[in-house]
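Colleague: from the sequence below, what's the structure:
(one chain, ligands or ions: 1)
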Amino acid sequence: MKIIETIGEMQRESDSMRMAGDIISVVPTMGFLHEGHLELMRVAKRHSDKVVMTLFVNPTQFGPAEDFEAYPRDTEGDLEKARSLGVDIVFMPNAIEMYQEGCQTTVRVERITQPLCGLSRPGHFDGVTTVVNKLFNCTKPHLAIFGQKDYQQLAAISRMVMDLNMDIKIIGVPTVREPDGLAMSSRNSYLNPEERQSALCLKKSLDLANKMFQEGTKDARIIKETIESLIKAHPFTRIDYVSLCDPMTLEEIEILKDETLLALAVRVGKTRLIDNCLIR
Ligand code: AMP
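Modeller: Below you'll find the predicted structure:
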């Protein structure tokens with residue numbers, strides 16, 4: 001497994017893989033890898049000849065009051081996991097390499113980045129789409145793999161690729177969960193045992209909403225209120241949003257359709273967790 005830290009070397013390496021006829025996939029990550037990330041690598045391996053994992057904690061997608069400094073890091077452990085999965089290249093530039101002095105270009109996807117996480121994390125998606133664009137230009141992939149756990153991120157990146165005519169296929173991978181249902185996340189490491197227990201309210205909410213829909217409830221307000229009470233009954237929780245929305249536009253809906261996205265963001269203690277599911 002090659003470890004590459006400079007953009008120039010990464011681009012040259014991708015050029016030679018392309019010259020050799022290899023299909024390249026990229027798996028962007030911020031590290032502190034868990035089974036969810038590893039599943040993305042496995043999907044990448046199945047779909048391509050060469051897998052490039054990027055490892056970069058992107059400062060521009062964190063707000064000033066967010067956890068950039070505290071974000072968990074374990075480079076050695078991550079490299080070991082990547083190696084054991086057969087990743088071909090880990091691209092791990094530092095922030096100075098990625099954001100050279102004087103840079104002043106932002107890639108912004110306008111509408112679908114506004115609701116949900118866009119409301120409480122202003123500028124977050126600009127940071128995400130810009131860095132993903134840059135990572136694509138560094139790694140020159142044919143395919144890029146993202147988790148459906150970050151549904152709005154996946155939607156924004158898919159939109160960006162369409163809008164900018166990028167020749168890259170985006171693959172979304174279903175959320176990988178702990179045995180008790182909690183969606184895996186690097187941020188779960190912040191939770192103390194009591195908070196970890198309360199964090200189960202996210203998955204319970206998804207299950208409850210699904211059950212209500214299957215039993216005939218179509219009124220979004222009723223489902224939302226039921227979920228909000230369920231979450232509030234769990235200690236240490238504070239709701240950021242509970243949204244029933246159109247899976248394409250992310251606009252709130254009043255009556256559930258054949259397919260509706262339920263998206264949640266809940267603070268448990270100081271840790272902000274997200275989860276989602278499609279209700280159909
Ligand atoms: P992150 O390192 O948190 O930026 O995540 C890197 C990639 O892993 C993103 O595409 C995430 O959507 C994806 N991911 C994170 N958690 C999970 C999970 N539990 N299941 C599937 N994919 C995930």
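Colleague: show me what counts as buried in the helix or strand containing residue 196.
Modeller: In this structure, residue 196 sits in helix 193-198 according to DSSP states H and E. Of the residues in helix 193-198, those buried by neighbour count under the rule 16 or more other C-beta atoms under 10 Å are 195, 196, 197, 198. In this view, the C-beta of every residue, glycine as well, is placed from N, C-alpha and C.
Colleague: out of those, the closest to the ligand would be?
Modeller: Of all the buried residues of helix 193-198, the ligand sits closest to residue 196, with 15.1 Å by C-beta to the nearest ligand atom.
Colleague: verify the stated contact: the closest one with residue 190.
Modeller: No - counting by C-beta atoms under 8 Å, residue 196 sits too far from residue 190 to count as a contact (9.7 Å).
Colleague: returning to that earlier point: which other residues reach the helix holding residue 196?
Modeller: With C-beta atoms under 8 Å, 6 or more residues apart in numbering as the contact definition, helix 193-198 has outside contacts at 182, 188, 234, 235, 236, 237, 268, 269, 271.
Colleague: mean confidence score for that helix?
Modeller: Here the mean pLDDT over helix 193-198 is 98, rounded to a whole number.
Colleague: name the next helix or strand downstream of it, please.
Modeller: Heading towards the C-terminus - elements assigned by DSSP H and E - helix 193-198 is followed by helix 201-214.
Colleague: stretch 273-280 near the ligand at all?
Modeller: No - taking C-beta under 6 Å from any ligand atom as the criterion, stretch 273-280 and the ligand are apart, separated by no less than 9.1 Å.
Colleague: which SSE is immediately downstream of the one helix or strand residue 43 maps to?
Modeller: For residue 43, the element it lies in under DSSP H and E is helix 35-47. Past helix 35-47, further along toward the C-terminus, the next helix or strand under DSSP H and E is strand 50-55.
Colleague: returning to what we had before: turn the buried residues of helix 193-198 into JSON lines, columns for distance to residue 174.
Modeller: Converted to JSON lines, those look like this (distance: C-beta to C-beta, whole Å):
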{"residue": "195", "distance to residue 174": "25"}
{"residue": "196", "distance to residue 174": "22"}
{"residue": "197", "distance to residue 174": "24"}
{"residue": "198", "distance to residue 174": "24"}
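Colleague: residue contacts, the residue nearest the centre of the chain?
Modeller: For the chain, residue 150 is the residue whose C-alpha lies nearest the centre (C-alpha atoms, centre = their mean; 3.5 Å). Shown here is residue 150, whose contacts under the criterion C-beta under 8 Å, 6+ apart are residue 274.
Colleague: next, give phi and psi for residue 279.
Modeller: Phi and psi for residue 279, reported as degrees, to the nearest 10, are phi -100, psi 120.
Colleague: so it makes contact with residue 208?
Modeller: No - under the criterion of C-beta under 8 Å, residue 279 is not in contact with residue 208, lying 10.8 Å apart.
Colleague: which one's more surrounded, those two?
Modeller: Comparing residue 279 with residue 208 by other C-beta atoms under 10 Å, the one with more neighbours is residue 279, at 21 against 16.
Colleague: strands along the protein, start to end?
Modeller: Counting by DSSP state E, residue ranges of the strands within the chain are 2-4, 24-29, 50-55, 89-91, 143-147, 169-173, 237-245, 260-268, 271-279.
Colleague: same list, the ones you listed, but as CSV with mean pLDDT please.
Modeller: Listed next are the strands of the chain as CSV, based on pLDDT from 0 to 100:
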stretch, mean pLDDT
strand 2-4, 98
strand 24-29, 99
strand 50-55, 99
strand 89-91, 99
strand 143-147, 99
strand 169-173, 98
strand 237-245, 98
strand 260-268, 98
strand 271-279, 98
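Colleague: need those strands in JSON lines (columns: distance to residue 133).
Modeller: Formatted as JSON lines, the entries for the strands of the chain read as follows, by distance: least, C-beta to C-beta, whole Å:
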{"stretch": "strand 2-4", "distance to residue 133": "19"}
{"stretch": "strand 24-29", "distance to residue 133": "11"}
{"stretch": "strand 50-55", "distance to residue 133": "12"}
{"stretch": "strand 89-91", "distance to residue 133": "15"}
{"stretch": "strand 143-147", "distance to residue 133": "11"}
{"stretch": "strand 169-173", "distance to residue 133": "13"}
{"stretch": "strand 237-245", "distance to residue 133": "25"}
{"stretch": "strand 260-268", "distance to residue 133": "24"}
{"stretch": "strand 271-279", "distance to residue 133": "22"}
